[in-house]
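Asks: what follows is a predicted protein model with its sequence.
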Amino acid sequence: QVQLVESGGGLVQAGGSLKLSCAASGRTFSNYAMAWFRQAPGKEREFVVSISWNGGNTYYADSVKGRFTISRDNAKNTVYLQMNSLKPEDTAVYYCAAATRPFVTGIYLEANFGSWGQGTQVTVSS
């Protein structure tokens with residue numbers, strides 16, 4: 001089992017930027033795809049972006065393409081989410097997730113991710 005701890009959330013004005021971090025521990029981080037999901041008030045949790053185990057493949061939700069960038073540093077066991085041009089509709093709790101199986105790519109369904117962080121709040125004011 002892997003433990004995930006997110007950080008970096010906060011309050012930002014529309015058009016601003018935030019960078020989220022997710023530190024992992026408990027297993028070989030570099031073998032597993034990672035992802036970010038988010039859940040807005042009153043809505044279901046939704047996929048944001050995923051990155052393959054080696055960082056070579058990324059998969060973005062249409063709503064964040066061109067604005068968000070996922071990256072990972074396997075030496076630091078950390079995955080990042082750089083969020084630019086933030087919009088009020090990006091307001092949500094953002095969750096970091098780790099894939100259940102190693103060495104998979106192109107995954108985006110919640111069922112593929114077995115470990116989750118506690119979430120970090122991102123609020124974008126208009």
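Replies: That came through, no problem.
Asks: all contacts plus neighbour counts: C-alpha atoms, from now on.
Replies: Fine.
Asks: now do the strands in the chain.
Replies: For the chain, the strands identified by DSSP state E occupy 3-7, 10-13, 18-25, 34-39, 46-51, 58-60, 68-73, 78-83, 92-99, 113-116, 120-125, in order along the chain.
Asks: identify the residues contacting the last one?
Replies: What it means is strand 120-125. Residues outside strand 120-125 that contact it (C-alpha atoms under 8 Å, 6 or more residues apart in numbering): 6-14, 86-95.
Asks: go with 10 Å
Replies: Around strand 120-125, the neighbours that count as contacts under C-alpha atoms under 10 Å, 6 or more residues apart in numbering are 5-18, 20-22, 38-40, 86-96.
Asks: also the second one?
Replies: Strand 10-13 is contacted by residues 17-20, 85-88, 91, 120-126 when judged by C-alpha under 10 Å, 6+ apart.
Asks: same question, the first one
Replies: By C-alpha under 10 Å, 6+ apart, the surrounding residues in contact with strand 3-7 are 19-27, 77-80, 94-98, 115-121.
Asks: would you turn the strands of the chain into TSV with distance to Thr105?
Replies: Listed next are those as TSV, based on distance: least, C-alpha to C-alpha, whole Å:
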stretch	distance to Thr105
strand 3-7	20
strand 10-13	30
strand 18-25	19
strand 34-39	10
strand 46-51	7
strand 58-60	8
strand 68-73	14
strand 78-83	15
strand 92-99	10
strand 113-116	12
strand 120-125	25
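Asks: so which of those strands gets nearest Gly106?
Replies: Judged by C-alpha to C-alpha, the one of those that comes nearest to Gly106 is strand 58-60, at 6.2 Å.
Asks: paired strands for the closest one, with orientation please.
Replies: Strand 58-60 has the following strand partners under DSSP bridges: strand 46-51 (antiparallel).
Asks: what does the partner strand rub up against?
Replies: By C-alpha under 10 Å, 6+ apart, the list of residues contacting strand 46-51 from outside reads 32-40, 57-65, 68-72, 79, 81, 94-99, 104-110.
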